[in-house]
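> need coordinates for the following:
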Amino acid sequence: MLVQDYLIKTACRLPAKEALVCGTKRMTYQEIRSLAGGMKGYLKAQGLQRGDRVAVFLDNGPEAVIAIFGILEAGGCIVVTNPATQVERLTVILRNSRARFVVTTTDRLPVLAEAELATGIKLHRIVAGSAGEGSDFWRLCLETPPGVPVGMTDIDLAAIIYTSGSTGKPKGVTMLHRNIDAGVNAIAEYLENVEEDVILGVLPLSSSYGLLQLLVTYRTGGRLVLEKGLGYPFEIIRKIKDERVTGFAGAPTVYALLLKLRDVEPADVSSLRYITNAAAALPAAFVPRLRAMLPSTRIFLMHGLTECLRTTYLPPGEVETRTTSVGRGMPNIDLWVGLADGTPLPPGEVGEMFVRGPSVMQGYWEDPEATAAALIPGRYPWERILRTRDLFTMDPDGYFSFVARNDELIKSKGEKVSPIEVEDVIYTLEGVLETRVIGVPDPVFGQAIRAEIVLKEGIAVTIQDVKAHCLRHLEDFKVPQQVSFVTQLPKTQGGKIKRSAGS
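The predicted structure is shown next:
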């Protein structure tokens, strides 16, 4: 199925159903469908050709949702860009994608102008300003007829999703309609999404995790409660209560903030059927605390990456028994742990995860060297296997446990140390809100293990407390040689804690 058909078909089936809640604005499927049609008609009238890239440089909101579906219906390719993106990164994205159009807001025009100057590209601008529905964006969508349908197939390019770039320049992950549809259908299957669901989205639509919240909801006919960002933790609980939210997606940093809350009443979260975690491994210590806060909510622990959307999920009934696992392969995908060339390893061995299936990307946009390193030949001449570079083990039952990214393993005292393993232990220490463990150069150890820790307010923890706690639970070579307390940890635009020591 084409991605825009999620909206088109659901609007035909449930035209009057509320599809989007954003602040005080509430819109039905038919309203969004009509406005997206206007966006499509305008883009076609301005010369957009099939496959042209269109940058969506907007906050989470109605404009972003309308633009995404309008661009796709016009035959374009969406390049959804984080609204916090600054000139340097925006320049890379615009130059690499060669976008012809951009949908943005008046307050982002200075950043856009600098990026255009750096690239030498002048984009056709569609501006949503502070005047609300009086802005160019709304006028164009309201006044432009949709025109005739655009002939497309599911092997047309739907999206270029740029990686966070925490370890280098961002790379553009190319996704066909077919790739996205395969991922959306698999996720909706194991989460058991239905049209009665109300999904709360706080993650940026520029991330694959955030974008999937929108697409899964509209594929199944649910209602999306879309927030511009995380905001205050108590506001999330209030939204869950007021909107009767049934599904919520977060990263570990989101759940760390939620777990700071005290006295969350069960009645406030009684509607919440499930929560999901991806983007980074959820510390094992968070699970019992989330279970206590959300006693009737199913917890789905997952692993995914932009290059294939999602790889694994752990059934909620096994969260307490498989505490170090991110689960087994999601529907319609093959996974294994192997050597660098893809040769499978036996259960229990540490190796890279390899992914085979219809949700695997086509490659990195105009980056053949990076594509060749990430996609290796498959079983058939026409297929490619994704080499994730994430290190895992797999048990005899086919359940995967995350070890580390290949470039994040710490080599200290001649031993290889997984930062995730050390972090999980530190998180069990009372008073720890967030932590990251990294390797830093050391003339004696090769790399010293450094733990950076954000403490909860009003809690006193010493360096000696941390080292003694780690020594009780880890081999001595895994105990951090350096411990520092910080007020915050560096994060990517998607909310993941950065791993590079220089960040």
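> can you map out the helices along this structure?
For the chain, applying DSSP state H gives helices covering 5-13, 29-45, 62-73, 87-97, 109-119, 136-143, 177-191, 208-220, 233-243, 252-258, 286-293, 368-374, 419-427, 463-473.
> determine which stretch of those helices is the most buried.
Among the helices of the chain, helix 62-73 has the highest mean neighbour count (mean count of other Cβ atoms under 10 Å), at a mean of 28. Just so you know, the C-beta spots here come from the backbone N, C-alpha and C atoms, and that holds for glycine as well.
> what helices and strands are in contact with that one?
Counting contacts by 3 or more Cβ pairs under 8 Å, 6 or more residues apart in numbering; DSSP states H and E, helix 62-73 is packed against strand 18-22, helix 29-45, strand 53-56, strand 77-80, strand 101-105, helix 136-143.
> so Val466 makes contact with Ala451?
Yes - at 6.4 Å, Val466 and Ala451 qualify as touching, with contact defined as Cβ atoms under 8 Å.
> and the helices of the chain, which one's lowest on average pLDDT?
Mean pLDDT is lowest for helix 252-258 out of the helices of the chain, coming in at a mean of 86.
> neighbours of the spatially closest residue to Glu415 that is not a sequence neighbour, how many?
If the residues on either side of it in the chain are set aside, Glu415 comes closest to Phe477, at 4.8 Å by Cβ to Cβ, 6 or more residues apart in numbering. When neighbours are counted by other Cβ atoms under 10 Å, Phe477 registers 14.
> just to revisit the earlier point, shared neighbours, Val466 and Ala451?
426, 480, 483 (Cβ atoms under 8 Å, 6 or more residues apart in numbering).
> against Ile410, how distant is the second one?
When Cβ to Cβ, to the nearest Å is the yardstick, Pro480 and Ile410 sit 10 Å from each other.
> repeat that for Pro441.
Computed as Cβ to Cβ, the Pro441 to Ile410 distance reads 11 Å.
> and the two? Which one has more around it.
Taking other Cβ under 10 Å, Pro441 and Ile410 do not tie; Ile410 has more neighbours (24 against 9).
> bridged to the closest residue in space to the more buried one that isn't next to it in sequence, which residues?
Among residues not flanking Ile410 along the chain, Gly439 sits closest, at 3.6 Å (Cβ to Cβ, 6+ apart). For Gly439, the beta-bridge partners are Ile449 (DSSP bridges).
> next, count neighbours for Gly439.
Counted with other Cβ under 10 Å, the neighbours of Gly439 add up to 20.
> coming back round to it: which neighbours do Pro441 and Ile410 have in common?
Common contacts of Pro441 and Ile410 (Cβ under 8 Å, 6+ apart): Gln447.
> just give the number of residues close to the closest residue to Gly172 other than its chain neighbours.
Once flanking residues are discounted, Gly172 sits nearest to Trp365: 3.4 Å by Cβ to Cβ, 6+ apart. By other Cβ under 10 Å, 23 other residues sit near Trp365.
> and Trp365, how far from Thr91?
The gap separating Trp365 from Thr91 is 15 Å, by Cβ to Cβ.
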